[in-house]
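Asks: Sequence first, then the predicted structure, then my questions.
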Amino acid sequence: PVRDVVDEHYGVKVHDPYRYMENMDDPEVQEWFKGQADYAHEVLYQIRGRDDLYVRIKELDGSKPFRTFYIIRKKDGSLFYKKWASGENLPKLYRRGKDGVEKLLVDPEIIESVDGQHFSVEAYKPSPDGRYVVYGLAKGGSEETVLHIMNVETGEKLSETIDRIETAYNSPQWLPDGSGFLYCRRQLLPPDAPETEVYKNTKTYFHGLGDDPEKDRVVFTKGLSRNVKMLDVDFPSIYIPPGSKYAVGKIKHGDTSELTLYTTLIENLKKGRIPWKKICDASDEVENYAVFGGTIYLLTAKDTPRYKVVKTSLARPSFSRAGIIIPESEMVIEYIAATKDALYAGVLDGGFNRIVRVEHGSAGQAETLDLPDDAAGYLTASSPEMKGILIYTNNWTKGSLIFEYDPGSKNFTDTGLLPKGTFDDVPGYVSREVKVESHDGVIVPLSILHKEDLPMDGNNPTFLVGYGSYGISIGVSFSPTRLAWLEKGGVLAIAHVRGGGEYGKEWHLAGRMLNKPNTWRDFIACAEYLIREGYTSKERIAGQGGSAGGILIGRSITERPDLFAAAVINVGMLDAIRAETTTNGVPNIMEFGTVTEEDGFRGLHEMSAYHHVEDGTAYPAVLLTHGINDPRVDPWMSGKMTARLQAASSSGEPVLFRVDYDAGHGIGSSRDQYLQQLADTWAFLLWQFGVRGYQ
């Protein structure tokens, strides 16, 4: 039922007919959610062809024997990593010795919970000598992580566990002597504390092996050091670089990219008062860093919107006197890493992911690595104590591999950590990179994947995806499951809209706060291009966005409901005005704005899809999905949007709300959860497009 609440902001009356749904503890709201979940499940499972589609997706996904990720290299040649074997529902934590022998350390599939929800392995870190590993377990995709410590040799777990762990912005860091580690922990709140307090006053602690965690010493937080400035919404952490005598104190200001950094000697961390020296603050626009010995490299957008890399001494840090190592160019520098031989940087070169290298102490030109098969490349593992790097290669239409790069011989060796799958190189599929003129004349990149012999008759099922927030780029990637869509004559298109980072800082800022409308209008322009060029038609195109991408697709269908046959919104931010009242709302104010300022309110009101749904409008078919344990975007966002669309739409097209009671924001979801949702999504779209066999 409608129970309208009216708020007034700066003379603007804002109606909220489903405010009561924000109380997820209300039995009436819980019953409504369960009813929506059951109805969506019933409808989706009745789509003819859905089960066969799931079987095909599962076959494609299982075609690689295993996938290896989150790899950590140790200087003795051993590796720690998470591995997802074909047919297994959850990734597991392994150690591979220098002799190549693999040992299973943590198998979350055998861990039982009282309520039946699954566990997933989150952040982990081996001790410097590899004797111990600290790892996190979270239940049901909640990201509520609890740390455990294991003796790698014996497999025995130490008795202590530590809860309320913050792993989104850091991982545990061991001291060089292996006596203990640093970790970030959220504050303990009373049951009646406001949600907005959850991510405030986070602290970094030191834990000595065998100690009582409740007696662990705080080493980095607000108010602890007189010369360290910190707000209660900041996330403080400490990085211990391998092979260096210095520690780096990092302050992340909510969900913004700009960092404040400090340094001190590692030996000082055991002192009561730690003498920190400032390296840079947020105004220096440093977004990433790497340490080699006594040198810190800084990736900064200061006066260089496509970024440059500078370096300074950790003994006497000075950002203003930092020397330029990689100057700004047409390429966008996305991240950096230091190894024993050089500094490596991941760059976007015309939208293509490459890796460049500059030797330590060199003022020479950065060398671009010539990757196998002219693939896109991502740095996947490195260490300041080892030469070379591990590289994850990618292509839109070919499978990925992990290579080891040897800087001496300049050779790439397949590590076998990501073996080739049956469907990794299926002929007959192509990718195209095109440029689309947006509403204001700005040119937007669009990637298009399809069959080689695709008829340009305007009749192809088309799935257009986008994101456009936080300066995050959608890079070149491959998944064999895409073939389930492409082999049916489908088109998959990726819109690189403003708000992302495809063209650096300016591209991000051009889709942020008051500029946010550019994000969805770029997306709309890409949809119009696909129709105009004969790829598809209004009757056979769908848009998809997730999380902050919910703004993109939510506002696309509320601004142009006539343009799309269907839309998919996953864990979407849909009520932007109420966002800052949620657990994760305060950290996001710097990205989206605040209603406590007039410009902030106007920007949030404009980007809030929920508040732009109008009665009597013919909206497309919509599938909304959400995990009930989501800590990043509250599930009621999707609930309120579902209720509003169901009440307002005059088209008669379905609005379904798929709720997963063993999931969160998608982090930590099982293989089958992912595959089932993908089958539901594509079956829903094929049904709405009128494709034979899916009616």
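Replies: Ah, there it is.
Asks: chain center to stretch 610-619: distance?
Replies: With Cα atoms, centre = their mean, to the nearest Å as the basis, stretch 610-619 stands 30 Å off its chain's centre.
Asks: ditto for stretch 124-142
Replies: Relative to the chain's own centre, stretch 124-142 is displaced by 20 Å; criterion: Cα atoms, centre = their mean.
Asks: got the CA coordinates for it in PDB?
Replies: Below are the C-alpha coordinates for stretch 124-142, written out as PDB (Å, rounded to 0.1, in the frame of the first residue of the first chain):
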ATOM      1  CA  TYR A 124      43.900 -13.100   3.300                       C
ATOM      2  CA  LYS A 125      47.600 -12.500   3.900                       C
ATOM      3  CA  PRO A 126      50.500 -15.000   4.500                       C
ATOM      4  CA  SER A 127      53.200 -14.100   7.000                       C
ATOM      5  CA  PRO A 128      56.600 -13.000   5.600                       C
ATOM      6  CA  ASP A 129      58.100 -16.500   6.100                       C
ATOM      7  CA  GLY A 130      54.900 -18.200   4.900                       C
ATOM      8  CA  ARG A 131      54.500 -20.100   8.200                       C
ATOM      9  CA  TYR A 132      51.100 -18.600   9.000                       C
ATOM     10  CA  VAL A 133      48.200 -17.200   7.000                       C
ATOM     11  CA  VAL A 134      45.500 -14.900   8.300                       C
ATOM     12  CA  TYR A 135      42.200 -15.100   6.300                       C
ATOM     13  CA  GLY A 136      38.700 -13.800   6.600                       C
ATOM     14  CA  LEU A 137      35.400 -15.700   6.400                       C
ATOM     15  CA  ALA A 138      32.100 -13.900   5.600                       C
ATOM     16  CA  LYS A 139      28.600 -15.500   5.600                       C
ATOM     17  CA  GLY A 140      25.900 -15.100   2.900                       C
ATOM     18  CA  GLY A 141      27.600 -12.400   0.900                       C
ATOM     19  CA  SER A 142      27.300 -10.100   3.900                       C
END
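Asks: model confidence over that stretch, on average?
Replies: Over the span of stretch 124-142, the pLDDT mean works out to 97.
Asks: Show me what counts as buried in that stretch.
Replies: 124-128, 130, 132-142 (16 or more other Cβ atoms under 10 Å). The way it works is simple: take the backbone N, C-alpha and C, and place the C-beta from them, glycine included.
Asks: Residue 210: neighbouring residues, count only.
Replies: Number of residues near residue 210 (other Cβ atoms under 10 Å) recorded here: 11.
Asks: What residues does the nearest residue to residue 693 once chain neighbours are set aside make contact with?
Replies: Residue nearest to residue 693 in three dimensions, not counting chain neighbours: residue 49, with 4.6 Å by Cβ to Cβ, 6 or more residues apart in numbering. Going by Cβ atoms under 8 Å, 6 or more residues apart in numbering, residue 49 touches 683, 686, 693-694.
Asks: ranking the residues you listed by neighbours, who comes first?
Replies: Using other Cβ under 10 Å as the neighbour test, those are led by residue 686, with 26 neighbours.
Asks: what's the spacing between it and residue 44?
Replies: Noted for residue 686: a distance of 12 Å to residue 44, by Cβ to Cβ, to the nearest Å.
Asks: give me the low-pLDDT residue ranges for this structure?
Replies: For the chain, the stretches with pLDDT under 70 are 363-364.
Asks: If residue 106 is in a bridge, with which residues?
Replies: Residue 106 has these beta-bridge partners by DSSP bridges: residue 93.
Asks: didn't it look like it was pressed against residue 149?
Replies: No: the criterion here is Cβ atoms under 8 Å, and residue 106 misses it with residue 149 at 11.4 Å.
Asks: Nice, that's everything, thank you.
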